[in-house]
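Engineer: Okay, sequence plus prediction incoming.
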Amino acid sequence: MLRIHFSELDLARTRVTAQPDPMWEIASSLHRFQTRRGRWAHERWHKHALHSLRDTALGRTVRTLLMPLYPRAQYFPDFLTPGEGADSLDAGLDAILALPESQVTQEISRLDLRKGNGPMLRALAEPRERRVLTETLRAYHQVVIEPVASEMQALLDGERAVRSRHLLDGGVDGLLRGLGPAFRWQPPVLSVLDHIDDRDVHLGGRGLRLVPSYFCWHQPVTFADPSLPQVLVYPLPRTAADHVAAYPERALAALIGGSRALVLAACAAGATTSEIARRLGISAATVSYHTRTLREAGLISSRRDTDSVMHSVTQLGIELMRQTR
């Protein structure tokens, strides 16, 4: 369990990122290649990414350099996800190039270097080899991440809308309390219940940047070094939505109908009637018809907020989407 300790100043400095963090998305997407866990949720992306990388020089470099550097393990180097990545991919890559060799050497030394890749990874301390790394990361982002960039941003916008409502309704306390079942907020401590290790992080006035992630799966992650400006990367509630949107003829769509399944999936991150209509390209009246049926079936709940209605998936709806993959 990870326990994050807040002061009053930290609460004032807590924020939700406005755009996908390219450096964290690179890391998390590489983890998706290294396990079948959660594969169903990223099935469409995984298929297209493998097709794009197959029999290419970039694909070989992904296998021989990037996967050993970003292992799906308790640790991968913090320098690969610099805070500057919150601004842009270019800023993140420049931050990697600007690192002192000693820091790169120290963080690389914590990896498992017994599989024959030690010399190649240690060489990244040299500026010339690190430039090759950043060029590889840029190419990887273009081939693997950019094809889903608009979907990533749309889902992040939906998540920010939900967090904004929680913030307006209950302040930062409401925002943190509403993060979901993977978290427990007992002021002044936010606990991440299923974290990869057991430790405490004291923010000490630095605040916390919350980073909803398209490719992060199941377990929220943060830096290994507690002295760094702190981020908490957590999965966007988008797995069932992506699966249904990619394969509407399967499973859930066969049970309740393709259009209604897409509306249910669109509610996964919380959305208003107009947001769903805009996202799916259908009329607000059609959305209202489907949401009424889904609400009567107990699959979603709806809450009026001034002149709009906010729809969210119930636990029954979540379980239905999970079981019909």
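Structural biologist: Everything's here; your move. Just so we're clear, the structure is a prediction, and the values are computed from it rather than from any experiment.
Engineer: ok, now how distant is Ser150 from Val287?
Structural biologist: According to Cβ to Cβ, to the nearest Å, Ser150 and Val287 sit 21 Å apart. Bear in mind the C-beta positions are built from the backbone N, C-alpha and C, glycine included.
Engineer: With Val192 instead?
Structural biologist: 34 Å.
Engineer: Kindly report the same for Gln74.
Structural biologist: Gln74 is 44 Å from Val287, by Cβ to Cβ.
Engineer: tell me how far the ends of stretch 45-62 are from each other?
Structural biologist: Using Cα to Cα, to the nearest Å, the end-to-end distance of stretch 45-62 comes to 16 Å.
Engineer: Ser150 and Val287: who's more crowded?
Structural biologist: Using other Cβ atoms under 10 Å as the criterion, Ser150 and Val287 rank with Val287 on top: 26 against 9.
Engineer: average model confidence for stretch 217-231?
Structural biologist: The pLDDT scores in stretch 217-231 average 89.
Engineer: Please list the residues outside that stretch that contact it.
Structural biologist: Residues from elsewhere that reach stretch 217-231 (Cβ atoms under 8 Å, 6 or more residues apart in numbering): 2, 4, 21, 24, 28, 31-32, 37-38, 41-42, 75, 78, 81, 83, 110, 182-183, 192, 194-196, 199, 201-203, 206-211, 232-235, 239.
Engineer: what's the spacing between stretch 48-67 and its chain's center?
Structural biologist: 22 Å (Cα atoms, centre = their mean, to the nearest Å).
Engineer: can you pull the buried residues of it?
Structural biologist: Ala49, Leu53, Leu58, Gly59, Thr61, Val62, Leu65, Leu66, Met67 (16 or more other Cβ atoms under 10 Å).
Engineer: Tell me which residue is most central in the protein.
Structural biologist: Of all residues in the chain, the one closest to the mean position by Cα atoms, centre = their mean is Ser213, 1.3 Å from it.
Engineer: right, and it touches Ser28 too?
Structural biologist: Yes. Between Ser213 and Ser28 there is a contact under Cβ atoms under 8 Å: 5.5 Å.
Engineer: Surely Arg122 forms part of a helix?
Structural biologist: Yes. Counting by DSSP: H, G, I helix; E, B strand; the rest coil, Arg122 is part of a helix.
Engineer: ok, back up a step: of the buried residues of stretch 48-67, which belong to strands?
Structural biologist: Using DSSP state E, no member of those falls within strands.
Engineer: From these, pick the one nearest Ser164.
Structural biologist: Within the buried residues of stretch 48-67, proximity to Ser164 (Cβ to Cβ) peaks at Ala49, which comes in at 31.6 Å.
Engineer: Find the nearest non-adjacent residue to that closest one, please.
Structural biologist: Val144 (4.9 Å; Cβ to Cβ, 6 or more residues apart in numbering).
Engineer: cool, Ala139 as well?
Structural biologist: Counting by Cβ to Cβ, 6+ apart, the residue nearest Ala139 is Leu58, at 5.4 Å.
Engineer: The one you found and Trp45, how far apart?
Structural biologist: To Trp45, Leu58 is 16 Å away according to Cβ to Cβ.
Engineer: repeat for Pro181
Structural biologist: From Pro181 to Trp45 the distance is 25 Å (Cβ to Cβ).
Engineer: For those two, indicate the residue with more neighbours.
Structural biologist: Trp45 (20 against 9).
Engineer: Could I get the average pLDDT for the helix or strand harbouring the more buried one?
Structural biologist: Secondary structure assignment for Trp45, by DSSP states H and E: helix 43-53. Mean per-residue pLDDT for helix 43-53: 90.
Engineer: From the contact counts, what lies against that helix?
Structural biologist: Packing partners of helix 43-53 (3 or more Cβ pairs under 8 Å, 6 or more residues apart in numbering; DSSP states H and E): helix 22-32, helix 239-246.
Engineer: Lowest average confidence across those, which one?
Structural biologist: Among the helices and strands packed on helix 43-53, helix 239-246 scores lowest, at a mean of 46.
Engineer: follow-up on the earlier one: contacting residues for the residue nearest to Ala139?
Structural biologist: Here Leu58 is in contact with Thr136, Ala139, Tyr140, Val143 (Cβ under 8 Å, 6+ apart).
Engineer: I'd like the distance between Gly281 and Phe76.
Structural biologist: Gly281 is 39 Å from Phe76, by Cβ to Cβ.
Engineer: Cool, thanks, talk later.
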